[in-house]
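[1] No sequence on hand, only this structure:
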């Protein structure tokens, strides 16, 4: 039996902590040796923050009564010795529920009232208003208290059809999707719009975020959940029931919310739950396995995924087996195979992404630091040549040398105005780019779409407006890329002039490529166009629903724009940090040259001593380069999780 998801996630957490520790060691060493400039500091801070704060989100999606909450209990919370998430017959999770950990917040359950749906703010905006959430403290040492508190996520209330319509749970044109009214004409709706559970579970402390979603009706009523939270999850576990297979409502959830693109299917894992319902004592073990494999094959074909991505499981038996330490029942439940698939799919993908970021960051770090070392080496070489030319010279020649160095220093100091002018032009061009990627510009680009969705009634041309809007968004990203190339050309010309005038070695790094942000825009567009399918056309007829969709889109796009702006800002700092470093080193060089001439003037042995110091300085630079290579190599060489090929297979025999 291979390592469980929990064990692999703990390995991932250890890797992240060790990496952050190595980053801190490198940062302290560079500071001690005065190799830290603004760009290097920024790059190190971003690398450390990215690894320390890395979150891995796993979304569990299913129609009600598929055993979703039981599966979460079995995978993550069996160590409590009981169910933590409410799991019983019928509908349990009535509102979307996030499980995570924030050390700055006391363990608690936070609940957002369903009435907030009557206002236009999205979930991201409500997160910034803690006073509007009901907060229930959780006792981390009392599993019974936690389980009792979490029962609130299953609470419902009865409302009139008008209220249900206003809250987004009743659509006159979608009779089949509406809840069934009781004898008084009232319908059940969730008591809460969203729940956030903050507990110091070992995996949650290491960055795991679990998203537990309700059924089709509730998912479709919350656009932000569909177009933001689920698409951004690193893995989605879609749960079916083995006794029913893929039902019409299952297929609706899959097509409308999960199968948005061929790329998205790679991060989807289908669980055929409740296989214990097939354990019929009248059938032979061979017949039971054949029936289970047949259900897996049919499900894979209907959903259009590879058979290896469909895993048969009994969540209830798996939870029972873990609690009672029954290894045979655990193996029969299929839970270890599911945990292995989750570990390979999520951990491998996350670590690959982090390692790519590390490799890029370390390469930039080495280049920027090597440039500082080379500046120092060139200055030492210049000083050495200058001092050797003084051998055997009289006092007047040495005095003349001092005068010439002072004159060079004065001329250099007078260049400050020219350098400030370069900075001013650079900052102006950069501000223009940041304006293109700013919140105001984004709002303007979404204006036509927002106006199109605002009126009540069917929006027959909405897909066309969506396509046009995303064309404009991609155009903005292309303009930002063009502006960065313009900045590079401007800096390149100025740097060449400064290199010729002052003997600098300034070189503008290539601007960051923004293609992956353009691709991300296309993925967002695809998920929204998928959402505009027949099932949601009638919902879009309601202005409130349409506006919530646009607000959710704006929040997602703002993240993309801000990430692109951050990359451009880091690139800009790398370019200007070179100038700062060479200015600093040149001023330091002038000081050392004048000090050396003074010592030579006042002591016969001064020249020999200074030449010896410079030779020692050159040896020190060699040692600095060697140590830099060692420290950065350690970052890249940290051990990785075992490859998927080393893990056991998924499907039972």
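    That came in fine, so what should we check first? As the structure is a computational prediction, the values presented were derived from the model and not from experiment.
[2] Distance check, the closest residue to residue 452 other than its chain neighbours against residue 553.
    Closest residue to residue 452 apart from its sequence neighbours, by CB to CB, 6 or more residues apart in numbering: residue 465 at 4.7 Å. Just so you know, the C-beta spots here come from the backbone N, C-alpha and C atoms, and that holds for glycine as well. Look at residue 465 and residue 553: by CB to CB, to the nearest Å, they are 12 Å apart.
[3] what is the mean pLDDT for the one helix or strand residue 616 maps to?
    Residue 616 is part of helix 606-636, with elements assigned from DSSP states H and E. Here helix 606-636 scores 81 as its mean pLDDT.
[4] Which stretches in the stretch 251-400 of the chain count as helices?
    For the stretch 251-400 of the chain, the helices defined by DSSP state H, counting those that start in this stretch occupy 262-265, 285-303, 315-324, 327-333, 335-342, 348-388, 395-414.
[5] For residue 499, find the nearest of those helices.
    Distance to residue 499, taken as CB to CB, is lowest for helix 348-388 among the helices of the stretch 251-400 of the chain, at 11.8 Å.
[6] Could you check the angle that closest one makes with helix 395-414?
    Angle of helix 348-388 versus helix 395-414, following axes from the mean of the first three to the mean of the last three CA atoms, to 10 degrees, is 140 degrees.
[7] Model confidence score at residue 243, please.
    pLDDT at residue 243 comes out at 85.
[8] my read: it touches residue 272, true?
    No: applying CB atoms under 8 Å as the test, residue 243 and residue 272 come out as separate, 9.9 Å apart.
[9] Name the residue in residue 465 and residue 553 with the higher neighbour count.
    Set residue 465 next to residue 553 and count neighbours by other CB atoms under 10 Å: residue 553 wins out with 27 against 16.
[10] Now do the contacts for that one.
    Counting by CB atoms under 8 Å, 6 or more residues apart in numbering, residue 553 makes contact with 227, 446, 449, 524, 528.
[11] Closest one of these to residue 32?
    Nearest to residue 32 out of those is residue 524 (CB to CB; 44.6 Å).
[12] Could you pull up the residues touching the residue lying closest to the closest one once chain neighbours are set aside?
    What sits nearest to residue 524 in space, not counting adjacent residues and going by CB to CB, 6+ apart, is residue 556, at 5.9 Å. Residue 556 makes contacts with 227, 228, 232, 524, as judged by CB under 8 Å, 6+ apart.
[13] quick one: the first one and residue 426, what's the gap?
    Residue 227 sits 37 Å away from residue 426, taking CB to CB as the criterion.
[14] cool, and the third one?
    In this structure, residue 232 lies at 34 Å from residue 426, with CB to CB as the measure.
[15] When these two are compared, which one has more neighbours?
    More crowded of residue 232 and residue 426, by other CB under 10 Å: residue 426, with 18 against 14.
[16] What distance do you get for residue 637 to residue 317?
    Applying CB to CB to residue 637 and residue 317 gives a distance of 42 Å.
[17] Of the two, give the one with the bigger neighbour count.
    Shown here are residue 637 and residue 317; by other CB under 10 Å, residue 317 has more neighbours (22 against 9).
[18] wait, that one sits on residue 331?
    No: taking contacts as CB under 8 Å, residue 317 lies outside contact range of residue 331: 10.3 Å.
[19] so where does the nearest residue to residue 83 once chain neighbours are set aside fall, helix or strand?
    In space, and not counting its chain neighbours, residue 83 is closest to residue 73: 5.0 Å by CB to CB, 6+ apart. In the assignment (DSSP H and E), residue 73 maps to helix 68-76.
[20] and after the helix or strand of the chain with the lowest mean pLDDT, which helix or strand comes next?
    Of all helical and strand segments in the chain, the minimum by mean pLDDT, DSSP states H and E falls on helix 216-221, at a mean of 58. Per DSSP H and E, the first helix or strand lying C-terminal to helix 216-221 is helix 223-224.
[21] quick one: low-confidence ranges for the stretch 501-650 of the chain?
    Low-confidence segments of the stretch 501-650 of the chain (pLDDT under 70): 533-539, 541, 601-606, 638-650.
[22] how about 50 then?
    641-650 (pLDDT under 50).
[23] again, but for the chain
    In the chain (pLDDT under 50), the answer is 641-653.
[24] would you list every one of the strands in it?
    Under the criterion DSSP state E, the chain carries strands at the ranges 56-61, 97-100, 108-113, 134-137, 156-159, 187-190, 192-198, 208-212, 235-241, 268-273, 310-312.
[25] Which one of those strands lies nearest to residue 69?
    Per CB to CB, nearest to residue 69 of these: strand 208-212, 6.5 Å.
[26] what inclination does that closest one have with respect to helix 68-76?
    In terms of direction (the same axes, to 10 degrees), strand 208-212 departs from helix 68-76 by 160 degrees.
[27] Show residues contacting strand 208-212.
    Against strand 208-212 from outside (CB under 8 Å, 6+ apart): 9, 55-60, 68-69, 72, 76, 85, 93, 96-100, 204, 229-230, 233.
[28] counting contacts, what elements does the helix holding residue 73 pack onto?
    On a contact count with 3 or more CB pairs under 8 Å, 6 or more residues apart in numbering; DSSP states H and E, helix 68-76 meets helix 5-32, strand 56-61, strand 208-212, strand 235-241, strand 268-273, helix 315-324, helix 335-342.
[29] Which one of residue 243 and residue 272 is surrounded by more residues?
    When residue 243 and residue 272 are compared for neighbours, residue 272 comes out ahead with 26 against 13, by other CB under 10 Å.
[30] So that one sits against residue 310, correct?
    Yes: Residue 272 lies in contact with residue 310 (CB under 8 Å); the separation is 6.0 Å.
[31] Could you report the neighbour count for residue 612?
    Neighbours of residue 612 under the rule other CB under 10 Å: 11.
[32] can you start the count at 17 instead of 1 from here on
    Will do, 17 is the new start, and the previous item becomes residue 628.
[33] measure it to residue 613 for me?
    Distance, residue 628 to residue 613, using CB to CB: 16 Å.
[34] one step back: list the contacts of the residue nearest to residue 468.
    Counting by CB under 8 Å, 6+ apart, residue 481 makes contact with 464, 465, 468.
[35] how near is the second one to residue 221?
    It refers to residue 465. Applying CB to CB to residue 465 and residue 221 gives a distance of 40 Å.
[36] More neighbours: which of the two?
    Neighbours were tallied for residue 465 and for residue 221 using other CB under 10 Å; the higher tally belongs to residue 465 (22 against 14).
[37] Hmm, the more buried one is touching residue 485, no?
    Yes: when contacts are counted by CB under 8 Å, residue 465 is listed as touching residue 485 (4.7 Å).
[38] intersection of neighbour lists for these two?
    Joint contacts of residue 465 and residue 485 (CB under 8 Å, 6+ apart) do not exist.
[39] residues near the closest residue to residue 422 other than its chain neighbours, how many?
    Residue nearest to residue 422 in three dimensions, not counting chain neighbours: residue 610, with 6.9 Å by CB to CB, 6+ apart. Number of residues near residue 610 (other CB under 10 Å) recorded here: 15.
[40] Okay then, goodbye and thanks.
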